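**Q** my questions concern the predicted model and sequence given below.
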Amino acid sequence: MPAITDGTTLSSGGRINEDASQFWTRPELAQSPNLTQDASGQSGPLTSVPESEPEQTFVSAARRALAAYRPSSLNVLRVSQLDAELLDAELTTVVKEQFLAIFSLFKPTLKEKYEPEFTALLQYLMCHLSIYSMGASYGLQLQNLKYRNEARHSGRLEVSAIDAPLSKWQKMAHALLYVGGRWGWIRVNRHATTHEWSAHPERDWRNRVWTYLQKAETVFRALSLVNFLVFLYNGRYRSLLDRLLRMRLVYTRREMARQVSFEFMNRQLVWHAFTEFLLFLVPLVNVERIKNTVIRAFSGPVTVDLPDHICAICHAKDAPKPVVHAPYRTNCGHIYCYYCIK
């Protein structure tokens with residue numbers, strides 16, 4: 001019986017049949033005719049070489065196993081996708097603050113009036129320079145992630161090593177919904193709130209539009225929650241817009257290490273806890289008393305004539321206010337607090 005090693009078979013002549021090993025990595029060959037190699041090294045049907053009974057049994061078993069074979073799925077770390085979203089949000093906030101600072105010397109109403117337009121312009125520029133040109137935002141690049149056209153990776157092509165880039169209509173739809181949709185929603189809500197559409201009668205069209213806007217926002221939040229739960233389950237489509245446009249996040253380089261490093265987070269937590277502890281401890285410490293103690297320890301005993309309005313006993317006890325209260329003159333002629341001398 002020929003030897004079997006790592007999913008390969010030996011032909012009746014003892015040569016390794018390399019094409020048969022592809023049964024384990026290419027299930028579509030299960031329905032194709034068996035291949036072998038002749039003496040010249042060219043592939044040909046196995047019918048040209050008589051098979052022994054053990055070989056036929058093995059090939060039949062391999063075909064039955066491959067018929068039920070399911071390709072492995074591509075799993076992407078959920079925490080990497082969420083971290084990339086947070087990084088993009090922080091970057092957008094920083095750029096927006098720096099950009100709006102340009103209009104600090106203009107009229108205050110100018111920035112407030114056109115803030116939605118400024119935000120939409122910045123979002124489009126950032127998406128155009130990152131997602132639409134390179135297939136990944138700046139936060140995704142830091143997490144070794146990128147977008148791909150999932151519509152081209154259905155079935156066994158899910159784990160393909162070559163990722164299909166985003167199509168033009170996906171980029172246009174993303175810009176229209178992500179940038180234009182947010183701008184339009186903010187503008188409509190601001191206009192409806194400013195003109196108090198909700199205060200109009202129920203039969204008025206403005207009140208109805210306001211009601212529909214509130215219902216639409218509720219439905220969108222509910223769908224976003226459902227999408228997030230599904231994302232936590234299978235790790236696909238971080239947002240509702242990504243699911244609608246079939247834009248999936250995958251690894252840019254799959255051979256890189258994917259361990260999540262918590263070193264920076266641990267350092268931040270330690271410093272945050274230490275800062276809170278100091279803020280709690282400092283008010284409990286009498287800094288003035290510690291200062292006087294240190295000064296006396298290094299300066300030694302000093303004889304000083306205190307003013308008449310200072311009680312020597314209170315001063316010796318490091319009282320916060322050693323001023324004489326209820327003065328009382330002793331037989332020696334000095335003035336003390338009545339409560340201290342008694």
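**A** Thanks, I have it.
**Q** any idea of the mean pLDDT in whatever helix or strand residue 89 lives in?
**A** Using DSSP states H and E, residue 89 maps to helix 78-100. Taken as a whole, helix 78-100 carries a mean pLDDT of 92.
**Q** please pull up the helix or strand immediately following that helix.
**A** Using DSSP H and E, the next helix or strand after helix 78-100 towards the C-terminus is helix 108-113.
**Q** and the next helix or strand past that next one?
**A** Assigned by DSSP H and E, the successor of helix 108-113 is helix 115-129.
**Q** helix 78-100 and that following helix, what's the angle between them?
**A** 130 degrees (axes from the mean of the first three to the mean of the last three C-alpha atoms, to 10 degrees).
**Q** number of residues surrounding residue 270?
**A** Neighbour count of residue 270, defined by other C-beta atoms under 10 Å: 10. In this view, the C-beta of every residue, glycine as well, is placed from N, C-alpha and C.
**Q** if we look at the helix holding residue 89, which residues are touching it?
**A** Applying C-beta atoms under 8 Å, 6 or more residues apart in numbering, the external contacts of helix 78-100 come out as 111, 115, 118-119, 122-123, 126, 137-140, 142-145, 231-232, 235, 238, 249, 258, 260.
**Q** swap the cut-off to 6 Å and go again
**A** For helix 78-100, the external contacting residues (C-beta atoms under 6 Å, 6 or more residues apart in numbering) are 111, 122, 137, 138, 139, 140, 143, 145, 235, 238, 249, 260.
**Q** now intersect the residues you listed with the helices, please.
**A** 111, 122, 138, 139, 140 (DSSP state H).
**Q** would you agree residue 158 is in contact with residue 74?
**A** Yes - using C-beta atoms under 6 Å, residue 158 is in contact with residue 74, at 5.4 Å.
**Q** okay, those two: which has more neighbours?
**A** The residue with more neighbours, out of residue 158 and residue 74, is residue 74; 17 against 14, by other C-beta under 10 Å.
**Q** name the SS class of that one, please.
**A** At residue 74 the chain is in coil, as set by DSSP: H, G, I helix; E, B strand; the rest coil.
**Q** returning to what we had before: how far off centre is the helix holding residue 89?
**A** Mean-position distance between helix 78-100 and its chain equals 9 Å (C-alpha atoms, centre = their mean, to the nearest Å).
**Q** buried stuff in it?
**A** 78, 80, 81, 83, 84, 85, 87, 88, 91, 92, 96 (16 or more other C-beta atoms under 10 Å).
**Q** now swap in stretch 55-67 and tell me
**A** For stretch 55-67, a neighbour-count test (16+ other C-beta under 10 Å) marks 55, 58, 59, 62, 66 as buried.
**Q** could you do stretch 306-326 as well?
**A** 311, 312, 314, 322, 324.
**Q** residue 310 is in contact with the fourth one, correct?
**A** Yes - judged on C-beta under 6 Å, residue 322 makes contact with residue 310 at a distance of 5.3 Å.
**Q** how near is the residue nearest the centre of the chain to residue 142?
**A** In the chain, the residue lying closest to the centroid (C-alpha atoms, centre = their mean) is residue 83, at 1.7 Å. According to C-beta to C-beta, to the nearest Å, residue 83 stands 8 Å off from residue 142.
**Q** residue 165 too?
**A** The gap separating residue 165 from residue 142 is 20 Å, by C-beta to C-beta.
**Q** and what of residue 320?
**A** Counting by C-beta to C-beta, the gap from residue 320 to residue 142 is 54 Å.
**Q** might you report the residue contacts of residue 197?
**A** Contact analysis of residue 197 by C-beta under 6 Å, 6+ apart lists 206, 210.
**Q** all set now, cheers.
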